[in-house]
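Asker: Generate coordinates for the sequence data below:
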Amino acid sequence: MSFDWRKLPQDQLEAQYNPRSAVPDFQQHFDAYVAKSSATRAAIGGDYDLRYGSGPLQTYDLHKPKDTKAGAPLVVVIHGGYWRGLDKNTMTFALPPYLDRGAVVVNLNYDLCPQVTLDAIVREMQEALAHVATKAADWGADPAKLHVIGHSAGAHLAAMMVAAPWPKDLGPQPAVASLGLISGVYSLEPVLQISVNESIRLDNAMATRNSVTDFPPKIKGPVLVAYGADEPEAWRNQSIDFHQACRDAGIRSNLLVMANGNHFTIKFAAADPEHPLGAALLKQIFS
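Answerer: Numbers count the residues shown, from 1 in each chain. The predicted model follows:
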């Protein structure tokens, strides 16, 4: 990092590591996610609130392209919300570019802090990965073409899906072909110091277990790490440091900076196939 976050006063810690503090008009972006997603659901159809586990929010939406061809890519999308808020209905608007190109898309929900711990959420993501890999062929998708995309806390969970120790009771770990990680949080020690931890309830040991920068995912395919140029320096460094850790581990990681983008506007760019970020995500899956 280019500065020591441990020396920051509390208000600056919040501004650096709590996106809602850094972007005061965040609610208008949330409202736009919901409105755009509602319209998208009406347009694309799908099978909603299917289950991949026993937790109250262990559900997903399944969307198939109009002309499903055997061996289609399978794209799994994970929402953000600092592991404590939002849901899959804020991500639906970002799905059409993948459907339009013939992918099967799974839009995941998961239980939230403080009802569960972050450790439990990571386990839920592993259960989801095992579930969708098993179901892929039934949906007309190829489990060898399984790609995961996440925003914010969802980017962290996407990385942890691949990096965390795999539970033996879930059987063999499915391979992930690529990761698309958008404005993520990967080193969790600073989260212990800010107000969101009242809900997340991290302790030192849990933060260490879930700081994926320290144990990058073992993945043969590419990783795209993206962040907004207008995000706070410490938040930008989360992506930069994770990207470098991946490169140091021999992973084909690419770093993309969205000009004039913040933590919330970057999601619109990811949903736009004409934007450099949206185009890069599509290229990673379909090239």
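
Asker: List the contacts of the one helix or strand in the chain whose mean pLDDT sits lowest.
Answerer: Using mean pLDDT, DSSP states H and E, the weakest-scoring helix or strand in the chain turns out to be helix 19-22, at a mean of 82. Helix 19-22 is contacted from outside by 14-16, 26, 82, 152, 183, 231-232, 235, 262-264, using C-beta atoms under 8 Å, 6 or more residues apart in numbering. The C-beta positions use only the backbone N, C-alpha and C, and glycine is treated the same way.

Asker: with those residues in mind, which one is nearest to V196?
Answerer: Using C-beta to C-beta, Y82 comes nearest to V196 of the contacts of helix 19-22, at 5.1 Å.

Asker: quick one: pLDDT of that closest one?
Answerer: pLDDT for Y82: 97.

Asker: was I right about it contacting I200?
Answerer: Yes: the criterion here is C-beta atoms under 8 Å, and Y82 meets it with I200 at 6.8 Å.

Asker: List the contacts of the nearest residue to V196 once chain neighbours are set aside.
Answerer: If the residues on either side of it in the chain are set aside, V196 comes closest to Y82, at 5.1 Å by C-beta to C-beta, 6 or more residues apart in numbering. Going by C-beta under 8 Å, 6+ apart, Y82 touches 18-19, 152-153, 185, 196, 199-200.

Asker: By neighbour count, which of those residues wins?
Answerer: Neighbour counts for the contacts of Y82, by other C-beta atoms under 10 Å, peak at A153, which reaches 27 neighbours.

Asker: need the contact list for that one.
Answerer: Contacts of A153 by C-beta under 8 Å, 6+ apart are 80-83, 184-185.

Asker: switch the cut-off to 7 Å
Answerer: For A153, the contact set (C-beta atoms under 7 Å, 6 or more residues apart in numbering) comprises 80-83, 185.

Asker: Which two among those are spaced furthest apart?
Answerer: Counting by C-beta to C-beta, the most remote pair of the contacts of A153 is G81 and V185, 11.4 Å apart.

Asker: Find residues that contact each of the two.
Answerer: Here G81 and V185 share the contacting residues 152-153, scored by C-beta under 7 Å, 6+ apart.

Asker: thinking again about what came up before, just the contacts of Y82 now: which is nearest Y52?
Answerer: So of the contacts of Y82, ranked by how close each gets to Y52 (C-beta to C-beta), first place is A153, at 18.2 Å.

Asker: tell me the phi and psi of the closest one?
Answerer: phi -60, psi -30 (degrees, to the nearest 10).
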